[in-house]
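**Q** A structural model of the following input is requested.
(4 chains, ligands or ions: 5)
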Amino acid sequence: MLDLRLYMLQRLTALIMAPLVIGHIAVMIYAVQGGLTVDEILARTQGSVAWFLFYGSFVVAVSIHGAIGLRVISFEWFGLNGRALQLFSWAVFALLFGLGAKAVYAVTFAGVGL
Amino acid sequence: MIRPHRTHPLWFAFLLHRLSGLGLALFLPIHFYMLSLAISAPARLDGFLRFTDLTIVKLAEYGLVFLLAAHLFGGLRLMALEFLPWSPHQKTMAALAVAFAFLVSTLFFLKAI
Amino acid sequence: MANETQTMTQTMTVSIWRENGDDGRFEKYEVPARENQTVLDVVAYVQQHIDPTLSYRFACRVGMCGSCAMMVNGSPRWTCRTHVSKVVANDQLEVAPLRNLPVIKDLATDMDPFFEKWVAAEAVFHPSKTRHDPMAAITPDDPMRIAASEAIECINCAVCYAACDVVESNPDYFGPAALNRSWSLVNDIRDDGQDVRLAAVGSNGGCHNCHSQQGCVQYCPNELNPTLSIAGLKRETTKALFRRSR
Amino acid sequence: MKPIIERHDTDILILGTGGAGLFAALHAQKAAPDQKVTIAVKGLIGKSGCTRMVQGGYNVALNPQDSVERHFMDTIIGGKWLPDQDMAWKLVTEAVTRIHELENEIGCFFDRNPDGTLHQKAFAGQTFDRTAHKGDLTGIEIISRLMEQVLSRPIEKLQEHRAIGLIPSRDGSALAGVLFIDMRRGTFRLVRAKTVLMATGGGPTMYKYHTPSGDKSMDGLSMALRRGLGLRDMEMVQFHPTGLMAGDETKMTGTVLEEGLRGAGGHLINGKNERFMFNYDDAGERATRDIVSRAIYEEMRQGRTSPYGGVYISMAHLGPENVAKKFQGMVKRCADSGFDLAAGLVEVVPTAHYLMGGVVVDVETRTSLAGLYVAGEDAGGAHGSNRLGGNGVANSTVYGGIAGDVMAADAQKMGALHDPDETILDQELARAIIPFSAKPGNVQELRVRLMDAMWDDVGVMRDAAGLKRGIEKIASLKSDMENVGVSGDNLAFNLSWHDWLSLQSLIDTSEVIAKAGLSRENSRGAHFREDFPDAGSLEDSYFTIATSGDKGIEVNREAVKFTIVKPGESLLGADEAETLVEAAQ
Ligand SMILES: Cc1cc2nc3c(=O)[nH]c(=O)nc-3n(C[C@H](O)[C@H](O)[C@H](O)COP(=O)(O)OP(=O)(O)OC[C@H]3O[C@@H](n4cnc5c(N)ncnc54)[C@H](O)[C@@H]3O)c2cc1C
Ligand code: HEM
Ligand code: SF4
Ligand code: F3S
Ligand code: FES
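**A** Numbers count the residues shown, from 1 in each chain, chains lettered A, B, ... in the order given. Ligands and ions are numbered 1, 2, ... in the order given. Below is the predicted model:
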């Protein structure tokens, strides 16, 4: 079920995410000390173009990557195929991208006023 | 599901990669949803973040970070296998990926508690 | 010349899969335990001395033809070269037809899908010369020759095919053996069909379905490394993509 | 009740998928794309038969210092002047083309010298190192590559179809088709064709110890015999001196341990822990196959045996690591079977390896029955009394290819298919279902009796008394067989039925071997008569021809025609060295 195109997309997005996830884990290890609060998070991210790009590109990459990943699993393990599989993959993408975009917006520019 | 022909370390590495990817894919929407509460209902997010102080939840987070790290290192291992010259130490590499994942997630856990 | 060291007293229980157009089931047989005996010998003993209706397949009996592979205690093996003492667990032996192939009867499978995929993967030499041309001068230390040779000694036994879970869950997937042969040919400078081959291994059933489970490497009786070969194909198809888009 | 026979038509039909069958299919399909080509095989395509089991390699004169004349002389002298010289000549000359075809068109990737030319190694009986190879798994390379080509072409494939009878046309003037058992379903099928190649590969598996693959049971030769075709050189059964000995109950017993082990300096040791080969020949372990086989047989007869009843081969004195490196495949095979070849002792026994005899054919593979062609191990003549290592696969690929071309041309010239002789069709069918009317019994027991009889009385060393004893035993087996039946309840993939049919073919041809052996009152190559140990006059060389008639098997002698070279002469110039092999093995 993976042809060259999907395979390339999955690897490409993985490569994009790798440094981002390493960065994210590092931040978490740093930030998690003494517990997290909304203010703490927002203080760090609010209004920052850098964090927007950081989380933004992650969201784009992960929605593609996750959609392809779940596509493969649902085909191989749950026998989904044809149109249903196509629909499912796009739905996963849409869900991840939609929720992800909203979250990035929330922690960066929401409330800042553009 | 663990049938005899599967009982070799690299099959378990495959399973771990798949389950961690699956786990992440299931968790991420929740994670995103929580974060978007930051503006619409900051109190609820804060409430949630306080909820995460519970040890049991800490442990769950530990697991999640482990999954993320395991998937990350496992994914890097797979891409190295595919794109770098072949290494005869496949099992060692898989073990190292898991070891790193433990290291990172444990570090997170220790900082968190 | 009769041999005294063998005793008929010890026996062993073997469970053998019986299937004849039905759902199939394991049946148990008591066979003599011998000092020298392969799994194939046990199966043959049952057919020759206990139940003449048992069906299975073998030819060379020395690991060259790849006709005798079966699931032995759950793992794929060439039965003619698997000594019982190496696989028997608690005096128990379980023999079933090779996974991932349709069963014809009992232990004999239909290997046609395996070979159809072999052809679909373009795991077939495309000549660039004729019998009237001189043979290509290729030195033994040529890296391409070495790469081609490393993947060449496959007996198409389908053991790897049975070990791979992607084959099980993805009916289109060519499987490790066919792709391994394709990789050997990608490194064969005498071959004139590289473009069609790369297109074939990059298609829906191609190399990109492999998740590097490496069961194929684990069980290949000839110690071949289809995972390495498939990784090579993934690289070459990727490179070809860039070549084409330029 | 008479079973139904399904009818099926083709133009060119090929039986067997060894080197001969696969080559014939490719050549026929290429030469006559307008004709339908069908291959039918007892096992799976390319996965059955002995070509796949070739370890040593492929004899062909490629080196500028070598010549086809030299290859020819080696073949004639190796065959003790019995080969059909025109066949041997065609073999050595066409082999040059065939190896180029294998390498350039089929895709075989033979081993190379540092300068990029084909590497050719030494093989016993040759005056030049001319055996091309791919490691020590040459047959796998040849057959796998041929198989890929055949699978990817529009050739009809009938797998697990066992040929059981050649069916002539109603007027008897030609072959009409072949009767098969579709083994998977247990049904009968008549395939009519304009031309039929028989390439079922002989295979002396009627001996207690034998090397060929399990699917080979002389079906082809026994079918030919029933149609009245002559079989020549049938007494010539080549024994390989070192088959693995691991007890009667395992199929590993009889399988070949490489010739090279002795060549490299391996020792043969008897049950008394003595090296014995120098008692028989100055070359010791490096003596030729037939001499070593007889020496081991003699040790066994004298009771100086290893526990399973053979002798030992020992390699350890050459350094276990060395051995493990040089003979990797062999050491691994032994280890899989529970033996330590590198450092320990492995029991060995002479083992029936190759049948030089076969159907009488011309150099174009035609037989005396129009429409029937024979190539490969089924055909007699090219090897005479002894086949050189490396000439077997050359023979099957060379003549398989020729057969394909000739059959294609003939088929294009022929008109309609023939109607089969229904009486013979019924006879052949009836023959196959005999066992269903007898009480089911143990077929394997009879097979063991045959194998013991052939080993004891028609084996490595023969004499009149033994051969007569053998013939009697075979006759009694023949009648006992009628009382040992097989249950006919389910014929699908019924191996016990096929064991019975194989035994029938083996008994028929064993009788021929024994009677031809009795007829040859001298010792040549593979045939050794203790009561006639001399080779006899070379000028008066004769070969045996066996036919089946009203009075049973009849064996006649026919003078060898020295069409190219006479005993005492050579094709090599007077200035050419007798051998170009440094340390003669
Ligand atoms: C272990 C071993 C090692 C050898 N090593 C060498 C070597 O190094 N060099 C060398 O030159 N020679 C070697 N030989 C000899 C060589 O393999 C044979 O001479 C040659 O390959 C025969 O080729 P073939 O095509 O005639 O028959 P095979 O390759 O034996 O093929 C016979 C085919 O006929 C099929 N068949 C049989 N009966 C029927 C039936 N009733 N109906 C339909 N199909 C049938 C079989 O299934 C098979 O497909 C070796 C032989 C053995 C056994
Ligand atoms: C951190 C960076 C990441 C890397 C380096 C990475 C790498 C990879 C790779 C190489 C694969 C292909 C495995 C295969 O074909 O067998 C893969 C599959 C997958 N990934 Fe990721 N990934 C990353 C992050 C993520 C994230 C965040 C998710 C969550 C959505 C995810 C979900 C998946 C899923 C579901 C699969 C399919 C698994 C399978 O087919 O077995 N990945 N990943
Ligand atoms: S790669 Fe190995 S396991 Fe797979 S078919 Fe070839 S020899 Fe058998
Ligand atoms: S087992 Fe299957 S998943 Fe790939 S590495 Fe081998 S082909
Ligand atoms: S019988 Fe040929 S590989 Fe086992």
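**Q** Please state the offset of the lengthiest strand in chain D from the chain centre?
**A** Taking DSSP state E as the criterion, chain D has its longest strand at strand D:345-355. Computed by C-alpha atoms, centre = their mean, to the nearest Å, the chain-centroid distance of strand D:345-355 equals 15 Å.
**Q** now swap in stretch D:118-129 and tell me
**A** Averaging C-alpha positions (C-alpha atoms, centre = their mean) puts stretch D:118-129 21 Å from its chain's average.
**Q** is it anywhere near chain C?
**A** Yes: applying C-beta under 8 Å from any C-beta of the partner chain, one finds stretch D:118-129 touching chain C at D:118, D:119. C-betas here are computed from N, CA, C, even on glycine.
**Q** Next, the contact list for residue D:532, please.
**A** Going by C-beta atoms under 8 Å, 6 or more residues apart in numbering or on different chains, residue D:532 touches D:521, D:522, D:523.
**Q** which secondary structure element contains the residue nearest to the second one when sequence neighbours are not counted?
**A** In space, and not counting its chain neighbours, residue D:522 is closest to residue D:536: 3.6 Å by C-beta to C-beta, 6 or more residues apart in numbering or on different chains. Using DSSP states H and E, residue D:536 falls within no helix or strand.
**Q** measure residue D:536 to ligand 4 for me?
**A** Using C-beta to the nearest ligand atom, to the nearest Å, one gets 61 Å for the distance from residue D:536 to ligand 4.
**Q** One more: residue A:106?
**A** Applying C-beta to the nearest ligand atom, the value for residue A:106 to ligand 4 is 40 Å.
**Q** per-residue pLDDT, that residue?
**A** Residue A:106 is assigned 85 on the pLDDT scale.
**Q** what's the longest strand of chain D packed up against?
**A** For strand D:345-355, the packing partners by 3 or more C-beta pairs under 8 Å, 6 or more residues apart in numbering or on different chains; DSSP states H and E come out as strand D:237-244, helix D:289-301, strand D:311-314.
**Q** can you list contacts of the very next helix or strand once past that strand?
**A** Of the helices and strands lying after strand D:345-355 in sequence (DSSP H and E), the nearest is strand D:358-359. With C-beta under 8 Å, 6+ apart as the test, strand D:358-359 has contacts from D:198, D:202, D:220-221, D:224, D:229-233, D:367, D:374, D:377-381.
**Q** chain center to the helix or strand encompassing residue B:94: distance?
**A** If you go by DSSP H and E, residue B:94 is part of helix B:90-112. Distance of helix B:90-112 from the chain centroid (C-alpha atoms, centre = their mean) equals 10 Å.
**Q** How much space separates the residue nearest the centre of chain B from residue B:77?
**A** Taking C-alpha atoms, centre = their mean, the centroid of chain B lies closest to residue B:67, which sits 1.2 Å from it. From residue B:67 across to residue B:77, the span is 15 Å (C-beta to C-beta, to the nearest Å).
**Q** Then residue D:498?
**A** From residue D:498 across to residue B:77, the span is 50 Å (C-beta to C-beta).
**Q** what do you get for residue D:159?
**A** As judged by C-beta to C-beta, residue D:159 and residue B:77 stand 42 Å apart.
**Q** Check whether the helix of greatest length in chain C comes close enough to chain D to count as a contact.
**A** For chain C, the helix with the greatest residue count under DSSP state H is helix C:226-245. No: using C-beta under 8 Å from any C-beta, helix C:226-245 never reaches chain D; the gap is at least 15.3 Å.
**Q** average pLDDT for that helix?
**A** On average, helix C:226-245 scores 90.
**Q** tell me what that helix is packed against?
**A** On a contact count with 3+ C-beta pairs under 8 Å, 6+ apart, helix C:226-245 meets helix A:4-31, helix B:55-83, helix C:176-186, helix C:194-201, helix C:215-219.
**Q** Pull it out as PDB, backbone CA atoms only.
**A** The C-alpha coordinates for helix C:226-245 follow below in PDB (Å, rounded to 0.1, in the frame of the first residue of the first chain):
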ATOM      1  CA  PRO C 226      16.800  -9.400   1.700                       C
ATOM      2  CA  THR C 227      16.400  -6.500   4.000                       C
ATOM      3  CA  LEU C 228      19.700  -5.100   2.700                       C
ATOM      4  CA  SER C 229      18.600  -5.700  -0.800                       C
ATOM      5  CA  ILE C 230      15.300  -4.000  -0.300                       C
ATOM      6  CA  ALA C 231      17.000  -1.000   1.400                       C
ATOM      7  CA  GLY C 232      19.100  -0.800  -1.700                       C
ATOM      8  CA  LEU C 233      16.000  -0.800  -3.900                       C
ATOM      9  CA  LYS C 234      14.500   2.000  -1.800                       C
ATOM     10  CA  ARG C 235      17.600   4.000  -2.300                       C
ATOM     11  CA  GLU C 236      17.800   3.400  -6.000                       C
ATOM     12  CA  THR C 237      14.100   4.200  -6.600                       C
ATOM     13  CA  THR C 238      14.500   7.400  -4.600                       C
ATOM     14  CA  LYS C 239      17.600   8.400  -6.600                       C
ATOM     15  CA  ALA C 240      15.800   7.600  -9.900                       C
ATOM     16  CA  LEU C 241      13.000   9.900  -8.700                       C
ATOM     17  CA  PHE C 242      15.400  12.800  -8.500                       C
ATOM     18  CA  ARG C 243      17.100  11.800 -11.800                       C
ATOM     19  CA  ARG C 244      13.700  11.900 -13.500                       C
ATOM     20  CA  SER C 245      12.600  15.200 -12.100                       C
END
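**Q** Can you check what angle separates that helix from helix C:194-201?
**A** If you take axes from the mean of the first three to the mean of the last three C-alpha atoms, to 10 degrees, helix C:226-245 sits at 120 degrees to helix C:194-201.
**Q** Not counting its own residues, what contacts helix C:226-245?
**A** A:4, A:7-8, B:81-83, B:86, B:90, C:147, C:150-151, C:160, C:176-177, C:179-180, C:182-184, C:186, C:198, C:201-202, C:206-208, C:210, C:212, C:214, C:216-217, C:220.
**Q** Just the buried residues out of the residues you listed, in ChimeraX syntax.
**A** In ChimeraX, this line selects whichever of those come out buried by 16 or more other C-beta atoms under 10 Å in any protein chain shown:
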select /A:4,7,8 /B:81,82,90 /C:147,150,151,160,176,177,179,180,182,183,184,186,198,201,202,206,207,208,210,212,214,216,217,220
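**Q** Next, find the distance separating the residue positioned nearest the centre of chain C from residue D:437.
**A** For chain C, residue C:158 is the residue whose C-alpha lies nearest the centre (C-alpha atoms, centre = their mean; 2.2 Å). From residue C:158 across to residue D:437, the span is 39 Å (C-beta to C-beta).
**Q** Just list the residues touching residue D:105, thanks.
**A** Taking C-beta under 8 Å, 6+ apart, one finds C:127, C:129, C:130, C:131 in contact with residue D:105.
**Q** what do you get if the cut-off is 6 Å, keeping everything else the same?
**A** Each residue near residue D:105 by C-beta atoms under 6 Å, 6 or more residues apart in numbering or on different chains is listed here: C:127, C:131.
**Q** my read is it is in a helix, agree?
**A** Yes: counting by DSSP: H, G, I helix; E, B strand; the rest coil, residue D:105 is located in a helix.
**Q** Tell me how far it lies from ligand 5.
**A** Look at residue D:105 and ligand 5: by C-beta to the nearest ligand atom, they are 27 Å apart.
**Q** And that residue, how close does it get to residue D:99?
**A** Residue D:105 is 11 Å from residue D:99, by C-beta to C-beta.
**Q** Equivalent analysis for residue C:135, please.
**A** Distance of residue C:135 to residue D:99, given as C-beta to C-beta: 8 Å.
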